[in-house]
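Enquirer: Below are the sequence and a predicted model; questions follow.
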Amino acid sequence: MTPELLTWLIPLPPILAFAVIVLLTHRSNRLSHTLAVGAMFVSWGLAMTVFWAAITTPELGQRPFASSIDWLPSGVEALRIGILIDPLSAITLFFVAWTCLAIFVYSIGYHNYGKPRDPADRAGLPPHKGGIEPMYARFFAFISLFAFGMLTLVISDNLLLLFVGWEIMGLCSYLLIGFWYGKDSAKKAMVKAFITTRVGDVFMLLGIAYLYSATGTLNYREILFNEEVLHSLAEAPSGVLGMSAAGLIGLLLFLGTVGKSAQWPLHVWLPDAMEGPTPVSAMIHAATMVSAGVYFAVRFFPLLTAGWAEGEPLTVTMRVVAFIGAFTALFASTIALAQRDIKRVLAYSTISQLGYMVAAVGIGAYVAAAFHLVTHAFFKALLFLGSGSVIHGMQHGLAASSKNAAQAMPGREGPAGVHEAHAHVDAQDMFNMGGLRRKMPRTFVTFVIGGFALAGFPLLTAGFWSKDEILADAFTNGHLAVFLTLAAAALLTAFYTMRQITLTFLGEPRTEAARHAHESTATMTVPLLVLAVFSVAAGWVGIPESWTGGRVPNWFHSFVGGTLLEHPPAAPFHWAPLLTSVGVSLGGLLLGWLVYRRVAAGAPDPARKPLGFVYTVLERKYGFDEFYDWAFVRPAYWFAETFSYLWIDRGVIDGILHAVARIALRLGSIFRNYFDKPVVNGLMGDGTASVVKWAGRQLRAVQTGRVQQYLIAGLIVTGILLSYVLVVRP
Amino acid sequence: MIPLSWFLILAAALFSIGLYGVLARRNAVAILMGIELMLNAVNLNLVAFWRYVAPGSIAGQAFAVMVFAVAASEAAVGLALILSIYRQRSTVAAEEINLLKW
Amino acid sequence: MTPLQIVFLFVAAFTLLSALLVVTRPNLVHASLWLIAALAGVAVLFVLLEAGFLAAVQVVIYIGAIAILIIFAVMLTRRVMSDSGPQVNRNWWGAALSALLIFGGLLGLFSQVPAVGSAFPAAIANADGLLEDLGRSLVDVNRYVLPFEVASVLLLAAMIGAIVIARPAAREEGEE
């Protein structure tokens, strides 16, 4: 079994699981989740085998595993599909396989497998009292399809197959965000996510088309690792704003990343996507889909940076990319400061961290972007799954406390009463939590590890190493604006992370639900532990050599750097970025703890008063939702309802019609009496009818229903046409 | 030796005879026989062109094999259909199977 | 006139005659027997074209399977179509006309085939490896594996379809 063959097989188990679950086993929950998790496990095993083969192959960047077959033969040429495992896809495959497997296992516990079905639960609504999810099998089918899309995307060797996986994931995110389609907010979120990402995808498709027409191929190796193609693309003018063809294609493709990775200004869909079940959030927002956007940007790094050399000023495209990334990083982290929903904070933090990676791509820090992509996938999946565990515990706490309440008040039994009594306690609001460290120790420890990794806690955590590398790259290459923006974002990140940890786990319980919460099952906590290990250890493979004096080689840099044609140089050591990243991380964490350690039940956010108006702006997310609503959604509605329907349709067109009708009526009565009745009715009406009737009678013979006669008629017509084409025309 | 045109004329004649059978016969089984003749004519053309024009490429033979497969499936399904119709309407005359109108 | 040409003319005449009898004989059993003769004639023509394997396949599949199937169908449905009644429909003249037109059209088209006048070509270089090449081409990813697989799916579908269609309608109850 060669690694190439194994790579071909990687995406197959999940799609088979999807098909089998949908077609056959969807009635059996046990069979369905066994199939889905088993298939993912097989994929994981294959991926690890390929990964091992990849890291033990010397000079993998020069001689990657590649194989391809003809897909759509079209005359002389053929569209080929194939697989490519170079260092970049190898490490992406590594974290995708691990996180997907963890999420699959976690989903079993999250959807209350093993609990009886609550008869009050409806399909399309989350189970509200801890019964098993009504659409359990369907969930596993969807995430299997999702995993297939992601794995396909990673192992693909060309843009077309990547786009296929990309769109499969787009569809799955739509289906999964709206998994609880009974909720109105979920319905809206699914449509929002789909439409918003579509905006980016359209531009990306344009970029793909441009690239294909410019180079005649979509294969990575023929475009990205080919000096001549890159050079000619960088030289050719595009005719738009004085950019080179490479610059325009890169920008169009980058817009795909903006949509998929939720970068400003297309970031609005991601926080709303939190309406989906938590494993979905982890899958979409951490492990796979948004990472796919960054993976794509990193993959197309040679094209984005075509015409640029290390140490030169950035090209227009790179400047746009760096600006959007850095701006998004800061922008999203400020919003995260004022959110109350535990998952929304993580959503904005994801946007912010993705902004980091995009900014790193923009300033040419290839390895740093890939490194942060890997570490972020682990700790953000961990945080999402941890938050899911917290919410799960809170919901159980809610159910338990409502039971007590119902016993205390015998008059208010029944689901309706219980629901009413506790409708005001939101299980996702961090201000309703507190003190959960004693109730959920395993979740607490792993969440803290994930949070510290996100905040970049020095030396220990993976997030520190990757973030520091981006900052160091920005600083030493002289991109001071980017450096300062990212440093400010890092400070805010540490702050809101600690706010989250403090509000959720520390202090005293602020509600009954938090007091009755309890630890989740092993299927949920074991994936947390696994991801926690990676959240710490993933950073050790990329410690800069200048730190250890070259005694420990920077394995990640030399491995992933080998993907490029020219091995990128490592950033030289400098104390300023190091001190900055240590300072902002520790400072932010400390500040967060100081501000939020004593929040009483029902008290407002302590940051509200000092920040004042700014806090309101942040809480409203800078009004982007309102702005888009005002700028795009309402005009569309207005255009449809008021302009098109009321004015044009009812006013102008109907008005004209009415006037015409009145004139016509008058004319009509004249015509009717003197022309219609005698001439039209008598002669033409009845005459036509009888002619038609007669013709119909005659023609009825044609439609006999006999195949042979039809065949003869068809042959004769074909013969006439053929003789025209062959005989008359030439 | 035998010129290519002889084979082509023969195949065309065979095809036309089969076509006549398909169009003119009343019995559905006989129509199927006509179709078999037409497929055979096609095969004859494929193999003749392979032999005379492109003996190096195996395409002609490969497609002839495909035509065999198609002919076999067509005969199986067609005869099954005829038997089914025969059971329901007690006829195999093509002109009485005239549901294909309106 | 070489001996080969004489053989060809003889076989061609036999084949065409059989084919004509297939479409004209009122007795369907006779017609199917003539069908076998016509198919055998084509098999001989395959041999003349040095496609021995296809000739064998022709005998096995057409004569061995399809023709037998047709004979069975004839016998199963014999009662309803007596051999004495008219065996052609009212449009037989239209059918004959179309067939003649097609024949003429095909002949006209053949005149445009560039190699139409070519005599018998040189012997095939790799006559022994031909069958192996054919077999390999059917399973080669870059050649005909896709049509091959499609054909296999088609056969499977035909088999299932034939069973489903030809099975008597299931009785409501009382069956084991």
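Expert: Perfect, I can see it now. Residues are numbered from 1 along each chain as shown, chains lettered A, B, ... in the order given.
Enquirer: So what does A:Trp71 look like in phi/psi?
Expert: phi -110, psi -60 (degrees, to the nearest 10).
Enquirer: can you list the weak-confidence ranges in the stretch 401-550 of chain A?
Expert: Scanning the stretch 401-550 of chain A for pLDDT under 70 picks out the ranges A:403-425, A:546-550.
Enquirer: got the contact list for the closest residue to chain B within it?
Expert: Of all residues in the stretch 401-550 of chain A, A:Thr523 sits closest to chain B, at 49.3 Å by Cβ to the nearest Cβ. Yep, even glycine has a C-beta here, placed from its N, CA and C like the rest. Residues near A:Thr523 by Cβ atoms under 8 Å, 6 or more residues apart in numbering or on different chains: A:105-106, A:108-109, A:113.
Enquirer: near chain A, which residues of chain C?
Expert: Contact residues, chain C versus chain A (Cβ under 8 Å from any Cβ of the partner chain): C:89, C:91, C:94-95, C:98, C:101-102, C:105, C:108-109, C:141-142.
Enquirer: Select from these every entry located in helices.
Expert: Within those, residues falling in helices by DSSP state H are C:94-95, C:98, C:101-102, C:105, C:108-109.
Enquirer: coming back round to it: could you point out which of the residues of chain C next to chain A is nearest to A:Ile143?
Expert: C:Val141 (31.6 Å; Cβ to Cβ).
Enquirer: Just to check, the closest one is in contact with A:Trp71?
Expert: No: in this structure C:Val141 lies outside contact range of A:Trp71 using Cβ atoms under 8 Å: 11.0 Å.
Enquirer: Pick the one among the contacts of A:Thr523 closest to A:Val321.
Expert: Distances from A:Val321 to those, taken by Cβ to Cβ, are shortest for A:Tyr106, at 33.8 Å.
Enquirer: Scan the helices and strands of chain B for the one with the lowest mean pLDDT.
Expert: helix B:59-89 (a mean of 85; mean pLDDT, DSSP states H and E).
Enquirer: so does it get close to chain C?
Expert: Yes: using Cβ under 8 Å from any Cβ, helix B:59-89 reaches chain C at B:59, B:61-66, B:68-77, B:79-84, B:86-87.
Enquirer: Whether that helix contacts chain A - can you check?
Expert: No: using Cβ under 8 Å from any Cβ, helix B:59-89 stays clear of chain A, with a minimum separation of 12.0 Å.
Enquirer: buried stuff in stretch A:30-39?
Expert: By 16 or more other Cβ atoms under 10 Å in any protein chain shown, the buried positions in stretch A:30-39 come out as A:32-33, A:35-37, A:39.
Enquirer: could I get those residues as TSV with secondary structure and distance to chain B?
Expert: As requested, those are exported to TSV (DSSP: H, G, I helix; E, B strand; the rest coil; distance: Cβ to the nearest Cβ, whole Å):
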residue	secondary structure	distance to chain B
A:Ser32	helix	36
A:His33	helix	40
A:Leu35	helix	33
A:Ala36	helix	36
A:Val37	helix	40
A:Ala39	helix	33
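Enquirer: where along chain C do the helices fall?
Expert: C:3-24, C:28-48, C:52-57, C:67-76, C:92-110, C:130-139, C:145-166.
Enquirer: what about the first one, near chain B?
Expert: So that's helix C:3-24. Yes: shown here: helix C:3-24 in contact with chain B (Cβ under 8 Å from any Cβ) through C:4-5, C:8, C:12, C:15-16, C:19-20, C:22-23.
Enquirer: tell me what that helix is packed against?
Expert: On a contact count with 3 or more Cβ pairs under 8 Å, 6 or more residues apart in numbering or on different chains; DSSP states H and E, helix C:3-24 meets helix B:4-24, helix B:28-52, helix C:28-48.
Enquirer: who's in contact with that helix?
Expert: Under the contact criterion Cβ under 8 Å, 6+ apart, helix C:3-24 has outside partners B:1-2, B:6, B:10, B:13-14, B:17-18, B:20-21, B:24-25, B:30, B:33-34, B:37, C:30-32, C:34-35, C:37-38, C:41-42, C:44-45, C:48, C:120.
Enquirer: can you pull the contacts of A:Ala489?
Expert: A:326, A:329-330, A:333, A:352, A:355-356.
Enquirer: about what we covered before: between the ones in helices among the residues of chain C next to chain A, which is closest to A:Met498?
Expert: Nearest to A:Met498 among these, with distances taken as Cβ to Cβ, is C:Leu109, at 83.1 Å.
Enquirer: can you tell me how far A:Gly276 sits from chain B?
Expert: 46 Å (Cβ to the nearest Cβ, to the nearest Å).
Enquirer: Need phi/psi at that residue.
Expert: phi -70, psi 170.
Enquirer: Compute the number of surrounding residues for it.
Expert: By other Cβ atoms under 10 Å in any protein chain shown, 28 other residues sit near A:Gly276.
Enquirer: Am I right that it is in contact with A:Gly178?
Expert: Yes: the pair A:Gly276 / A:Gly178 is scored as a contact, 7.4 Å apart, by Cβ under 8 Å.
Enquirer: Which neighbours do those two have in common?
Expert: By Cβ under 8 Å, 6+ apart, A:Gly276 and A:Gly178 have these common neighbours: A:186, A:189.
Enquirer: returning to what we had before: give me the more crowded residue out of C:Val141 and A:Trp71.
Expert: Neighbour totals were compared for C:Val141 and A:Trp71, and A:Trp71 leads with 14 against 9 (other Cβ under 10 Å).
Enquirer: And that one, how close does it get to chain C?
Expert: For A:Trp71, the distance to chain C - Cβ to the nearest Cβ - is 10 Å.
Enquirer: now do A:Cys100
Expert: Taking Cβ to the nearest Cβ, one finds A:Cys100 at 29 Å from chain C.
Enquirer: How about A:Pro527?
Expert: 39 Å.
Enquirer: swap in A:Arg299?
Expert: From A:Arg299 to chain C the distance is 27 Å (Cβ to the nearest Cβ).
Enquirer: now A:Ala338
Expert: 57 Å.
Enquirer: Give me the neighbour count for that residue.
Expert: Using other Cβ under 10 Å: A:Ala338 sits among 22 other residues.
Enquirer: any idea whether it is helix, strand or coil?
Expert: coil (DSSP: H, G, I helix; E, B strand; the rest coil).
Enquirer: Now the spatially closest residue to it that is not a sequence neighbour: which helix or strand?
Expert: Once flanking residues are discounted, A:Ala338 sits nearest to A:Leu618: 3.8 Å by Cβ to Cβ, 6 or more residues apart in numbering or on different chains. Per DSSP states H and E, A:Leu618 falls inside helix A:613-619.
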